[in-house]
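Novice: from the sequence below, what's the structure:
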Amino acid sequence: MRPTVALVYGLLRLAGVLPLRALHAAGAALGGLVWRLQRRERRHVEENLAIARPGLDAEARAALARACLRETGKSLLELGKVWGGGARRALALVREVEGLDLFEDARRGGRGLIIAAPHLGCWELLNHWLGARTALAILYRPPPRAQWEPLLKRARGEFAPEQVRTDGAGVRVLYKRLAAGGVVGILPDQQPGRGEGTFAPFFGTAAHTMVLLPRLAARTGATVLFAFMQRLPRGAGFRLHFLPAPDGLTDADPVIAAGALNRGVEACVERAFTQYQWTYRRWSDRPPGEPADAAPRGD
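Specialist: Numbers count the residues shown, from 1 in each chain. A predicted model of the protein is given here:
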């Protein structure tokens, strides 16, 4: 591990001894600082909220954007507890599980299970929870700088999932896993590469949406569940949610299937709206023939 990466890992370990409440308080302060400094993250959040909450006036939208950035700050600093404190200790922070019967029924069914985990709440703690109960493979994109990859593998600890790259060989691994009744985790709201998705409504506006997850489900017969780890108030821990997939997810029409995928993400987001990664430019890709700045930007 390179010195810079080792230093970051050491800082994570140090942060891991702090109470979650303290980390969340510091994270909220960090998010507030980002808001006051008018950084690009604030602009991205405001642009996204203009799409997702078009009925809000400027004052209400600004208040919601501040709350979203505070949650973004918490999501960064809580990694000290989730990655730096050890996987088993981190799992003790999971206080409640809603929809556990959905997960258990899917595992007993033996048909394979796809966990669609949006960028919502603490998805790294979700990885720990799933990895402690089953052999998990996750589809991921390697970090832009390769030296950070060992940090990801080490920080994810003893329950680290198998990390499958987003290429042809990786997709074949996922098919084999599901065909054998295994469990696969995919971020359903990550913008696909060119030629790897279609446009479908997301909060009422077309968003470039992956078609891989619906195709995996349709071809393997795997169950799809949406899941996220909700941050509880005042550093009290986390609540894990499992939700069933909407109808139409395995439709032969990719636009219908992608629309169902996005509705599943929306259903999760509406349960913990400010904890979604609103800094992510989800609508930056536009449909063919539509200008790059055509998505609504607010007042």
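
Novice: do you know how far residue 79 is from residue 233?
Specialist: Computed as Cβ to Cβ, to the nearest Å, the residue 79 to residue 233 distance reads 19 Å. (Glycine included, C-beta is placed from N, CA and C.)

Novice: which one's more surrounded, these two?
Specialist: Using other Cβ atoms under 10 Å, the more surrounded residue of residue 79 and residue 233 is residue 79, with 20 against 8.

Novice: what's the neighbour count on residue 59?
Specialist: Residue 59 has 8 nearby residues by other Cβ under 10 Å.

Novice: ignore the last one, residue 37
Specialist: Residues near residue 37, counting by other Cβ under 10 Å: 9.

Novice: ok, now which ones touch it?
Specialist: Counting by Cβ atoms under 8 Å, 6 or more residues apart in numbering, residue 37 makes contact with nothing.

Novice: quick one: pLDDT of it?
Specialist: What the model reports for residue 37 is a pLDDT of 89.

Novice: cool, and residue 126?
Specialist: pLDDT, read off for residue 126, is 96.

Novice: my guess is it meets residue 241, correct?
Specialist: No: with contact defined as Cβ atoms under 8 Å, residue 126 does not reach residue 241; the gap is 9.6 Å.

Novice: and the residue nearest to residue 17 when sequence neighbours are not counted, how far from residue 128?
Specialist: Nearest non-adjacent residue to residue 17, counting by Cβ to Cβ, 6 or more residues apart in numbering: residue 85, 7.2 Å away. For residue 85, the distance to residue 128 equals 11 Å [Cβ to Cβ].

Novice: ok, the two, which is more surrounded?
Specialist: Neighbour totals were compared for residue 85 and residue 128, and residue 128 leads with 28 against 21 (other Cβ under 10 Å).

Novice: so which strand or helix has that one?
Specialist: Assigned by DSSP states H and E, residue 128 belongs to helix 123-131.

Novice: any idea of the angle whatever helix or strand comes next after that helix forms with helix 123-131?
Specialist: Scanning forward in sequence from helix 123-131 by DSSP H and E, the next helix or strand is strand 136-140. Angle, strand 136-140 to helix 123-131, by axes from the mean of the first three to the mean of the last three Cα atoms, to 10 degrees: 150 degrees.

Novice: can you tell me the strand partners of strand 136-140 and which way each runs?
Specialist: With DSSP bridges as the test, strand 136-140 is paired with strand 162-165 (parallel), strand 183-186 (parallel).

Novice: for that strand, could you pull out the residues that count as buried?
Specialist: For strand 136-140, burial by neighbour count (16 or more other Cβ atoms under 10 Å) applies to 136, 137, 138, 139, 140.

Novice: quick one on the thing from earlier: contacts for the helix holding residue 128, please.
Specialist: Helix 123-131 is contacted from outside by 79, 82-83, 87, 90-91, 93-94, 115, 117, 136, 138, 156-157, 159-161, 183, 185, 187, 227-229, 238, 240, using Cβ under 8 Å, 6+ apart.

Novice: now stretch 42-49
Specialist: Contacts of stretch 42-49 (Cβ under 8 Å, 6+ apart): 34-35, 56, 61-62, 64-65, 68-69, 72, 278-283, 295, 297-298.
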